[in-house]
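Engineer: fold the following, please.
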Amino acid sequence: MASRNYSAPKQSPQGETKARYSLDVAFSFDVLKGNATISFTSKDVFNSRNRSSISKVENFVSESKRQ
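Structural biologist: Sure, this is the predicted structure:
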């Protein structure tokens, strides 16, 4: 199973929020004749899930990045 997420860039009166994207993958399989399940999950496979924004007001500019 794979899950992806994309948020388009957005403009606001104070600045902008940059695009965000990520990919999560998971798979599982049964063992012991179906009496147990082993699961593997990887979140944010490409380490790209971050939030970046730029705020602009008179005489001030701020850029922030969060993961």
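
Engineer: could you find the closest non-adjacent residue to the spatially most central residue of the chain?
Structural biologist: Centroid check for the chain by Cα atoms, centre = their mean gives residue 49 as the closest residue, at 3.0 Å. Distances taken as Cβ to Cβ, 6 or more residues apart in numbering place residue 22 nearest to residue 49, at 3.8 Å, with adjacent residues excluded. Yep, even glycine has a C-beta here, placed from its N, CA and C like the rest.

Engineer: which residues touch the one you found?
Structural biologist: 4-5, 43-46, 48-49 (Cβ atoms under 8 Å, 6 or more residues apart in numbering).

Engineer: follow-up on the earlier one: my guess is the residue nearest to the centre of the chain contacts residue 20. True?
Structural biologist: Yes: Residue 49 is within contact range of residue 20, at 7.0 Å (criterion: Cβ atoms under 8 Å).

Engineer: overlap of the contact sets of the two?
Structural biologist: What both residue 49 and residue 20 touch, as defined by Cβ under 8 Å, 6+ apart, is the set residue 5.

Engineer: now the helices for the protein?
Structural biologist: With DSSP state H as the criterion, the chain has no helices.
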